[in-house]
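>>> Fold the stuff below for me.
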Amino acid sequence: MRTLTIAAIQTAPIPFDVEATWQRFADQVRAVRDTFPHVELVVVPELMLAAEAPLLQARADWMDEVAQPLTGPHLDRICSLAEETGLWLVPGSLYERDDDKIYNTAVAVSPLGEVVARYRKIFPWQPYEQTSPGNEFVVFDIPGTGRIGLAICYDGSFPETARQLAWLGADVIIQPTLTTTRDREMELVCSRANAWTNQVYVVNVNGADPAGVGASVVVDPEGVIRQQAGSGEEVLVDTLDLDAVTRVRTYGTFGLNRPWDQLARHGAQIHLPMYGAAIRTPSWHGDTLAIPASPAH
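So this is what the prediction gives:
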């Protein structure tokens, strides 16, 4: 059985204090390691280490002040913490400076202290979020376990995100989030829909009060919420059965719906005018369908 035990830390930064926020984050990661030694991957909310303030306290100049290239001491200490604790880390996201642009970027760091993935948020929350959009969906592999896709907050409101990550073979979508507004309920609907329609786990970890409104969730490949947090600081620990992704895609959601099989049969014939292309069968699906189509009712 392929399993992945995750800890989604619903927490909040110390506004405008990067060093104090880093210490809080490092202490929380070590506490998870000591309290839940079976945890393999830890994720925290979007922009945690940027020490971003709650929405109505935000400073227009803060992003420019704290943005850094993804090199040097800031990233080095994340890598050192991963190596020290023996954990996979997705430390929310950072403001990444690259020439004259600033991106909202998530990284994934292995227990060896190596950066294995960098993802620039493709769908910033415009017009409010002023970061530049990325243009590439990103997945990474945990050897012997499975494939993880990265998304950030508002990315989940666009169905293209989860569909592309699942097409790339993701078993789990890790989605650091920072939502302070009443549309959190909509985001929960999207998390369930993205999981259900793509038959993939979704781990959406939001900021705790006062940084965000909480309600972090872990959703299974059939769209069922396995865990949901309240509004305050909380840790969701869950062991994900990644073989469930294969089972659901093979035999159907609740033994019924097999969208990837249907797309493999007919996708190449479907014209997608918005994209100027047609659907291609993902490489992980194989050349033949595992389960024949059920007779019509």
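>>> Shouldn't residue 148 be within a strand?
Yes - secondary structure of residue 148 (DSSP: H, G, I helix; E, B strand; the rest coil): part of a strand.
>>> Report pLDDT for it.
Per-residue pLDDT puts residue 148 at 99.
>>> I'd say it and residue 138 touch.
No - at 9.4 Å, residue 148 does not count as touching residue 138 under the criterion of CB atoms under 8 Å. Yep, even glycine has a C-beta here, placed from its N, CA and C like the rest.
>>> Return every residue with contacts to both of these two.
Counting by CB atoms under 8 Å, 6 or more residues apart in numbering, the residues touching both residue 148 and residue 138 are residue 117.
>>> the more surrounded of these two?
Set residue 148 next to residue 138 and count neighbours by other CB atoms under 10 Å: residue 148 wins out with 29 against 22.
>>> how about the spatially closest residue to that one that is not a sequence neighbour, what does it touch?
Spatial nearest neighbour of residue 148, chain neighbours left out: residue 172 (5.2 Å); criterion: CB to CB, 6 or more residues apart in numbering. Applying CB under 8 Å, 6+ apart to residue 172 gives the contacts 4, 6, 146-149, 200-203, 240, 242.
>>> phi, psi of residue 172?
phi -140, psi 140 (degrees, to the nearest 10).
>>> any idea how far the closest residue to residue 125 other than its chain neighbours lies from residue 110?
Of all residues not flanking residue 125 in the chain, residue 154 sits nearest, at 4.4 Å (CB to CB, 6+ apart). Counting by CB to CB, to the nearest Å, the gap from residue 154 to residue 110 is 27 Å.
>>> Comparing the two, which shows the higher neighbour count?
Neighbour tally, residue 154 and residue 110, criterion other CB under 10 Å: the higher count belongs to residue 154, 25 against 19.
>>> in a helix, that's where that one is, yeah?
Yes - assessed with three-state DSSP, residue 154 lies in a helix.
>>> so it touches residue 127, yeah?
No - Residue 154 is beyond contact range of residue 127, at 11.9 Å (criterion: CB under 8 Å).
>>> Enumerate every residue touching residue 119.
105-107, 134, 136-138, 150-152.
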